[in-house]
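Asks: pasting the structure only:
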């Protein structure tokens with residue numbers, strides 16, 4: 001092999017290697033990090049149904065499992081703001097004997113990204129007096145802020161207040 005043919009061969013190998021690296025770099029750059037698709041509004045609405053079903057169990061810990069450990073709960077029938085799991089369990093220990101059943105009246109869902117969404121609106125909460133069995137309906141506004149953590153959707157902020165003109 002002559003010196004000239006060795007140079008041509010080395011140049012061809014170099015060009016091929018550069019092109020291959022360039023292509024791999026382009027593919028890696030355009031692929032970007034893997035992201036989950038944004039959830040649908042229907043999927044976010046179903047999170048409320050799961051919360052409401054947890055109420056029906058009568059188990060405050062099951063309801064609290066729907067909340068992130070650092071969630072903030074501004075509850076409907078308490079002036080106390082709850083900011084950790086123990087406080088949220090405590091609230092539901094006192095609330096669940098009223099056998100609450102919530103029904104959305106109006107809802108607005110904003111899916112912010114693949115890991116967060118807000119559901120706000122109005123709902124009616126039917127409560128049953130544990131002593132008399134008498135039912136009453138509390139008309140309230142609500143906001144649920146959800147985050148997907150560790151693959152699970154959790155409530156990170158829940159505000160519920162009685163309608164001021166109800």
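Replies: Done, it's in. Bear in mind that the values here come from a model prediction, so they are computed numbers and not experimental data.
Asks: Report the buried residues of the longest strand belonging to the chain.
Replies: Counting residues, the longest strand found in the chain (DSSP state E) is strand 135-149. Buried residues in strand 135-149, counted by 16 or more other C-beta atoms under 10 Å: 138, 140-142, 144-147. The C-beta positions use only the backbone N, C-alpha and C, and glycine is treated the same way.
Asks: list the helices and strands the host helix or strand of residue 46 packs on?
Replies: Per DSSP states H and E: residue 46 is located in helix 41-57. Secondary-structure packing of helix 41-57 (3 or more C-beta pairs under 8 Å, 6 or more residues apart in numbering; DSSP states H and E): helix 60-64, strand 101-113, strand 116-128, strand 135-149, strand 152-162.
Asks: Point out the one among these that comes closest to residue 88.
Replies: Taking C-beta to C-beta, helix 60-64 is the member of the helices and strands packed on helix 41-57 nearest to residue 88, at 4.7 Å.
Asks: what pLDDT, on average, does whichever helix or strand comes after that closest one get?
Replies: Next helix or strand after helix 60-64 toward the C-terminus (DSSP H and E): strand 67-74. Average pLDDT, strand 67-74: 98.
Asks: Pairing partners for the longest strand of the chain, with directions?
Replies: When pairing is defined by DSSP bridges, strand 135-149 lines up against strand 116-128 (antiparallel), strand 152-162 (antiparallel).
Asks: now those strands in CSV, with distance to residue 88?
Replies: Formatted as CSV, these follow (distance: least, C-beta to C-beta, whole Å):
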stretch, distance to residue 88
strand 116-128, 17
strand 152-162, 9
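Asks: How about residues contacting the helix holding residue 46?
Replies: Contact with helix 41-57 is made by 62-63, 65-66, 96, 100-102, 104, 107, 109, 111, 117, 119, 144, 146, 153, 155, as judged by C-beta atoms under 8 Å, 6 or more residues apart in numbering.
Asks: Which among those residues count as buried?
Replies: With burial judged by 16+ other C-beta under 10 Å, the buried subset of the contacts of helix 41-57 is 62-63, 66, 96, 100, 102, 107, 109, 111, 117, 119, 144, 146, 153, 155.
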